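**Student:** Next come a sequence and a model predicted from it.
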Amino acid sequence: MKRKYKKESDEATQASVKKEMAKPSMAKSVREAEVNLAAARIAQGKL
């Protein structure tokens with residue numbers, strides 16, 4: 001049972017890494033700004 005769980009975990013990690021690598025690379029500051037913009041859009045939608 002433990003081995004099956006480990007394999008599923010490995011596959012999930014691999015899928016996560018693949019998904020991240022498919023995105024264009026950007027600086028940490030740009031990622032943070034993107035998160036802030038998304039939060040601002042959500043806040044505007046609630047008004």
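**Tutor:** It's in.
**Student:** show me where pLDDT drops low in this protein?
**Tutor:** Applying pLDDT under 70 to the chain flags residues 1-5, 47.
**Student:** for it, what's the longest helix?
**Tutor:** helix 2-22 (DSSP state H).
**Student:** What about Q44, how many residues nearby?
**Tutor:** 8 (other CB atoms under 10 Å). (Each C-beta comes from the backbone N, C-alpha and C, glycine too.)
**Student:** And for the strand or helix carrying it, what's in contact with it?
**Tutor:** Per DSSP states H and E, Q44 falls inside helix 28-46. With contacts defined as CB atoms under 8 Å, 6 or more residues apart in numbering, helix 28-46 is touched by M26.
**Student:** Point to the residue nearest the middle of this structure.
**Tutor:** E20 (6.7 Å; CA atoms, centre = their mean).
**Student:** What separation is there between that residue and S29?
**Tutor:** Distance, E20 to S29, using CB to CB, to the nearest Å: 18 Å.
**Student:** ditto for A39
**Tutor:** Distance, A39 to S29, using CB to CB: 16 Å.
**Student:** List the neighbours of the longest helix of the chain that are in contact with it.
**Tutor:** With CB under 8 Å, 6+ apart, helix 2-22 has no contacts at all.
**Student:** Quick check: buried residues in that helix?
**Tutor:** Judged by neighbour count (16 or more other CB atoms under 10 Å), helix 2-22 contains no buried residues.
**Student:** can you check stretch 34-47 too?
**Tutor:** By neighbour count with 16+ other CB under 10 Å, stretch 34-47 contains no buried residues.
**Student:** Restricting to C-alpha, output that stretch in PDB.
**Tutor:** Output of stretch 34-47 as PDB, limited to C-alpha atoms (Å, rounded to 0.1, in the frame of the first residue of the first chain):
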ATOM      1  CA  GLU A  34       0.100  39.600 -11.000                       C
ATOM      2  CA  VAL A  35      -1.400  38.200  -7.700                       C
ATOM      3  CA  ASN A  36      -2.100  41.800  -6.500                       C
ATOM      4  CA  LEU A  37      -3.800  42.700  -9.700                       C
ATOM      5  CA  ALA A  38      -6.000  39.600  -9.500                       C
ATOM      6  CA  ALA A  39      -6.900  40.400  -5.900                       C
ATOM      7  CA  ALA A  40      -7.800  44.000  -7.000                       C
ATOM      8  CA  ARG A  41     -10.100  42.700  -9.800                       C
ATOM      9  CA  ILE A  42     -11.900  40.400  -7.400                       C
ATOM     10  CA  ALA A  43     -12.400  43.200  -4.900                       C
ATOM     11  CA  GLN A  44     -13.800  45.500  -7.700                       C
ATOM     12  CA  GLY A  45     -16.200  42.800  -8.700                       C
ATOM     13  CA  LYS A  46     -17.700  42.700  -5.200                       C
ATOM     14  CA  LEU A  47     -18.500  46.400  -5.200                       C
END
